[in-house]
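Novice: take this sequence and fold it.
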Amino acid sequence: MAATSPNRDSAEDKQPAATGSDPDARDSESTNPSARNTIDASPAAAPTRQYSPALIATAVALPVILVVAVLVAAVLARRAPVDREPLVLGPVPAPAAPGPACTALLPALPADLGEFTKSTLVEPAPPATRAWQRADGGDPIVLRCGLDRPLEFNRAAPLQIVNGVQWFEVRDHAAKASTWFAVDRETYLALTVPDGSGPTPLQEVSDTITATLPAQPIDPGPLPN
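Specialist: Residues are numbered from 1 along each chain as shown. Now for the predicted structure:
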């Protein structure tokens, strides 16, 4: 009869259960879930921000609108009335100033001659006289109507035709200006232009004279002895 070995039973009692788990490990996982998540989680790609077409169009249009606004403001500022001191002009003999030629011409003259704008004259202003200045003042352009024939205008005087008007130039080197006399109209007109004014003033005044006053044969003085 075989005897049961007490040592075998003792060895079996000492082996841990195969299906059991460490209670301390379970407690650690339950109290620190981030440890599991850190292992399982993978980094996600950063999301791409999408802009609406309307927002993009607005961003593109704003600089263009700003440039246009600046240009419009500059144009309006140039057309705004210029605040200058009234201009003092001395009288010169102008016997035909009240006549029909000057009465018709003066209202037809342009308000601007290139970069020169119409000036206000200190009263009493000379009759049949207009003046223009730059925005910052300076030497004016002056037109006088109804004058006597200039002494320098004789048969040998050189003439220049500008837009249908015959002009005779008298140069003033000291004043750095030229006075142009229109010599082929009912009355004599003088346009004094400072140096550096360009051709526009003479051209535009010539256009006004051509459109307002009919041409007449010139009447120069005799040659000097």
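
Novice: quick one: contacts for Leu202?
Specialist: Contacts for Leu202 were tallied using Cβ atoms under 8 Å, 6 or more residues apart in numbering; they are 162, 167, 180, 191, 193. (Each C-beta comes from the backbone N, C-alpha and C, glycine too.)

Novice: against which helices or strands is the helix or strand harbouring the last one packed?
Specialist: Meaning Val193. Assessed by DSSP states H and E, Val193 sits inside strand 188-194. Using 3 or more Cβ pairs under 8 Å, 6 or more residues apart in numbering; DSSP states H and E as the contact test, the elements touching strand 188-194 are strand 137-147, strand 177-182, helix 200-212.

Novice: can you add distance to Val92 and give those back as JSON lines?
Specialist: Formatted as JSON lines, these follow (distance: least, Cβ to Cβ, whole Å):
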{"stretch": "strand 137-147", "distance to Val92": "6"}
{"stretch": "strand 177-182", "distance to Val92": "11"}
{"stretch": "helix 200-212", "distance to Val92": "18"}
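
Novice: and of the ones you listed, who's closest to Ala101?
Specialist: For the helices and strands packed on strand 188-194, the distance to Ala101 is smallest for strand 137-147, at 7.0 Å, taking Cβ to Cβ.

Novice: still on that earlier bit, could I get the helices and strands packed on strand 188-194 as a markdown table with distance to Pro86 and mean pLDDT?
Specialist: Below are the helices and strands packed on strand 188-194 laid out as a markdown table (distance: least, Cβ to Cβ, whole Å; pLDDT from 0 to 100):
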| stretch | distance to Pro86 | mean pLDDT |
| --- | --- | --- |
| strand 137-147 | 11 | 96 |
| strand 177-182 | 20 | 98 |
| helix 200-212 | 20 | 98 |
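
Novice: noted, bye for now.
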